[in-house]
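>>> Pasting a predicted model and its sequence here:
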There are 2 protein chains.
Amino acid sequence: MSQTVTRALRILAQLGEGERSLDQLAEVLGVHKTTVLRLLQSLEEERFVYRDAAYRYHLGAGLFALSGLALEQRGIRRIAAPHLAELNAATGQTVHLAAYEGGEVVYIDKFDSRHPVRMYSRIGLRAALHSAAVSKVLLADLPLPERRRVVAGIDFTPHTERTLTTPEALLAELEKVGAQGWAQDHAEHESFINCVAAPVRDASGRVVAAASISVPDVVLPYEQVLDLLPQLLATARAVSADCGRPDHR
Amino acid sequence: MSQTVTRALRILAQLGEGERSLDQLAEVLGVHKTTVLRLLQSLEEERFVYRDAAYRYHLGAGLFALSGLALEQRGIRRIAAPHLAELNAATGQTVHLAAYEGGEVVYIDKFDSRHPVRMYSRIGLRAALHSAAVSKVLLADLPLPERRRVVAGIDFTPHTERTLTTPEALLAELEKVGAQGWAQDHAEHESFINCVAAPVRDASGRVVAAASISVPDVVLPYEQVLDLLPQLLATARAVSADCGRPDHR
DNA sequence: TGCCATGTTGCAGCATGTGCAACGCGGGTT
DNA sequence: AACCCGCGTTGCACATGCTGCAACATGGCA
C-alpha cells in the first residue's frame, strides 16, 4: 500500500468538501506543506486539481473528464438511459440505476423527478446494503456463498423502525426478492420514502444492474407506489432485452 | 513532483480507456507489477478503482462521487442549469457552459440537442483556446497581461480554413468580442459547425463562465445561428442576474 | 516602508517505494 | 485426472525518491 498515493487521495477528498490552501491541507493531513505542495503539483499536472488566482486549490476538470469516461464505460448505463428517461417521464418520479461493484452497491445513474436539471448528487454514492431496494435486487442474485459473505459484513444500523436488523432477516428477504423478481423498500431507509426495484439481466441471465423508483409518501402513499411496479418491470425487461436477454417472461 | 502520484494518475488514465489487468498496466507504465499492485491497492481503498471477479481493474465509484462533488462546487453550474435547460428546450440545440481554469477553458456542463439521453462526453474536456466561441468570451475578459500571456502560449493548429492562426488575429478578435459582448465560431473549429457564445458575469462584473449554442450547418445555416443570439444573450443575462449582477444591460 | 502570511527552493537523512525471486492458485489442455 | 502455464501475491534487501527543516521569495496590508 502506498502512503504517497493515499495522501494524494486524501487531498482530493478534502478538496471535495471545498477549496483549500496549501497550509490548510498540510494541517489536515498532518504532513509538512512541502510534501503537500509536491503532491499537488503532480495532481495539477494531470488536471485533477487547479489553483485559482488566490492560490486556493480546487478539484479540476481532469476529474470530470475521467468520471465521464468511467460512466460511459458502463455500457449498461448507456443502454438503460433512454428507457429510464421514459419511465421517469411517464411516472414523474425519481428513477435510479445501480450496480454491484466489489462488495458494494453504487448508484450509477439518476433521473430526478423535477425539472430537467441534472442531479449528480447521488451518482457514485453507495446504497445501504440492508435497506435499499436496489441492493436487495443485486444481492439476491449473488451466488449463495458470496451473498452470505457480503451479508455477514454488513453493518445493520437501523435507519427507521422498519429497517431489517439481522443477517437472517435480510437473507430471508433476499430469497423472497429472488423468487418474486423485484424488491421493495417500505420506509426501511427513510421513514418517508418508499421504493421499488427490479433487476436488469444480460444474455446469460445474470443480474447486471437494478432500476428503481423512489417516491416520498407525501407524493404517493405506499400502495400507489406498488401500482408503479408493472411499469418498472416493463422498463427493466426492456433494458434487459437491449442487453441481449432472450425475451422469455 | 511525485513520481508515485504521477504513476497512479497514469493508471487512472489507462483505465479511462478500458479495463486492464495488472500485467497490462505494469507493461504500459514500464514498472514492475508489484509496484502497480500497491498503487492499485491504495486506489481501490478509496474506491477510485475496483476489480471485478476476473481480476480486471475498472474505474470505480469513488471517482463519480468526487466528480459530482466537484461539479456541485461550481456554484455557477447549479445556477445556470435551469436557464440553460430552458434555452436548450426553446432552441432544440446543443448548449454548453464553460469556465476558465488555470490557463485553460473547460466545459463544465452540456445540454444535448437530441433525445433525453445525457451526454457526459464533453464535460471536463478542454475547449480550443483559439477557435471555440466560449474561449473567446472567457479570454476576452482576462486582464490584458494575462490575456497576452495565455495567447502567447497557444498552439495555433488550424482546424479548418477559417481558424485564426496568429496571436495578433486572436487578440484583435478578443478586443472585438469584449466590445460587442458575445463571440462566434464561424466554422473555425469544425468546418460544419457554427457556435455563438455569451458571457455570464457576477456581481463585480467579471466574466465567470460562458454559455454557448452549437449548431451543425445541416441543421441551421450560419445566418440562422446568429438569429439565436438574442435568446442566448437573454439566457446569459438571466444567469448573470442570478449570480447577483445588477440588471443594467 | 516594513511586517506578516503564504508559497517555493536546496538539501541531508532515511522511510518508503521498488524490483527480484519464490510461491499459490485456478483454468485450460492433453 | 494430472499437468502446465499464466497471472496475482508475498517476503525481502536495496536505494530511490519522498520527507521535513530552514532559509528564501513574494505579495498583501497597515
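Noted; the coordinates are in hand.
>>> how far away is the residue of chain A most remote from its centre from DNA strand C?
Here the centre of chain A is the reference, and by C-alpha atoms, centre = their mean the most remote residue is A:Thr34, at 36.5 Å. Distance of A:Thr34 to DNA strand C, given as C-beta to the nearest atom of the strand, to the nearest Å: 4 Å. The C-beta positions use only the backbone N, C-alpha and C, and glycine is treated the same way.
>>> That residue in helix, strand or coil?
helix (DSSP: H, G, I helix; E, B strand; the rest coil).
>>> For A:Leu22, see how far away it is.
9 Å (C-beta to C-beta, to the nearest Å).
>>> before we move on, what about A:Val49?
11 Å.
>>> which residues are in contact with both of the two?
A:40, A:57 (C-beta atoms under 8 Å, 6 or more residues apart in numbering or on different chains).
>>> out of the two, which sits in the busier spot?
A:Val49 (27 against 16; other C-beta atoms under 10 Å in any protein chain shown).
>>> Quick check on that one: phi, psi?
phi -130, psi 160 (degrees, to the nearest 10).
>>> close enough to count as contact, it and A:Leu15?
Yes - contact between A:Val49 and A:Leu15 holds when scored by C-beta atoms under 8 Å: they sit 6.2 Å apart.
>>> Which residues are in contact with each of those two?
A:57-59.
>>> just checking, which of the residues you listed belong to strands?
A:57-59 (DSSP state E).
>>> which of the residues you listed tops the neighbour count?
A:Leu59 (26 neighbours).
>>> and that residue, what does it touch?
A:12, A:15-16, A:48-49, B:66-67, B:69-70, B:73.
>>> A:Arg245 too?
Applying C-beta under 8 Å, 6+ apart, the residues contacting A:Arg245 are A:201-203, A:205.
>>> Buried residues, the longest helix along chain A. List them.
Determined from DSSP state H, the single longest helix within chain A is helix A:75-91. Of all the residues in helix A:75-91, those buried under the rule 16 or more other C-beta atoms under 10 Å in any protein chain shown are A:76-81, A:83-88, A:91.
>>> just how off-centre is stretch A:58-68 within its chain?
Put simply, stretch A:58-68 sits 19 Å off its chain's centre (C-alpha atoms, centre = their mean, to the nearest Å).
>>> do it and DNA strand C meet at all?
No - using C-beta under 7 Å from any atom of the strand, stretch A:58-68 never reaches DNA strand C; the gap is at least 12.5 Å.
>>> okay, that stretch in PDB with CA atoms only?
What follows is stretch A:58-68 as a C-alpha-only set of coordinates in PDB (Å, rounded to 0.1, in the frame of the first residue of the first chain):
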ATOM      1  CA  HIS A  58      -9.900  23.200  -6.300                       C
ATOM      2  CA  LEU A  59     -10.800  19.900  -7.900                       C
ATOM      3  CA  GLY A  60     -10.100  20.200 -11.600                       C
ATOM      4  CA  ALA A  61     -11.500  19.200 -14.900                       C
ATOM      5  CA  GLY A  62      -9.400  16.100 -15.400                       C
ATOM      6  CA  LEU A  63     -11.600  14.600 -12.800                       C
ATOM      7  CA  PHE A  64     -14.800  15.400 -14.700                       C
ATOM      8  CA  ALA A  65     -13.300  14.000 -17.900                       C
ATOM      9  CA  LEU A  66     -12.200  10.800 -16.300                       C
ATOM     10  CA  SER A  67     -15.500  10.400 -14.500                       C
ATOM     11  CA  GLY A  68     -17.300  10.900 -17.800                       C
END
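>>> Could you look up the SS state of the most centrally placed residue in chain A?
Centroid-nearest residue in chain A: A:Tyr107, 1.6 Å away (criterion: C-alpha atoms, centre = their mean). For A:Tyr107, the assignment made with three-state DSSP gives strand.
>>> before we move on, what about A:Ser204?
A:Ser204 is classified as coil under three-state DSSP.
>>> contacting residues around stretch A:5-20?
Residues contacting stretch A:5-20 (C-beta under 8 Å, 6+ apart): A:25, A:28-29, A:31, A:35-36, A:39-40, A:42-43, A:48-49, A:52, A:56-59, A:63, B:2, B:4-5, B:8, B:39, B:42-43, B:45-46, B:48, B:65-66, B:69-70, B:73.
>>> and that stretch, which residues are buried?
A:5-12, A:14-16, A:19-20.
>>> Quick one: mean pLDDT over that stretch.
What stretch A:5-20 shows for mean pLDDT is 91.
>>> wait, does that stretch make contact with DNA strand D?
Yes - Stretch A:5-20 comes into contact with DNA strand D (C-beta under 7 Å from any atom of the strand), by way of A:Arg7.
>>> Tell me where the model's unsure across chain A.
A:114-121, A:247-249 (pLDDT under 70).
>>> how about 50 then?
Low-confidence segments of chain A (pLDDT under 50): A:116.
>>> circling back: same list (the ones in strands among the shared contacts of A:Val49 and A:Leu15) but as a markdown table, adding distance to DNA strand D.
Output for these, formatted as a markdown table (distance: C-beta to the nearest atom of the strand, whole Å):
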| residue | distance to DNA strand D |
| --- | --- |
| A:Tyr57 | 16 |
| A:His58 | 19 |
| A:Leu59 | 20 |
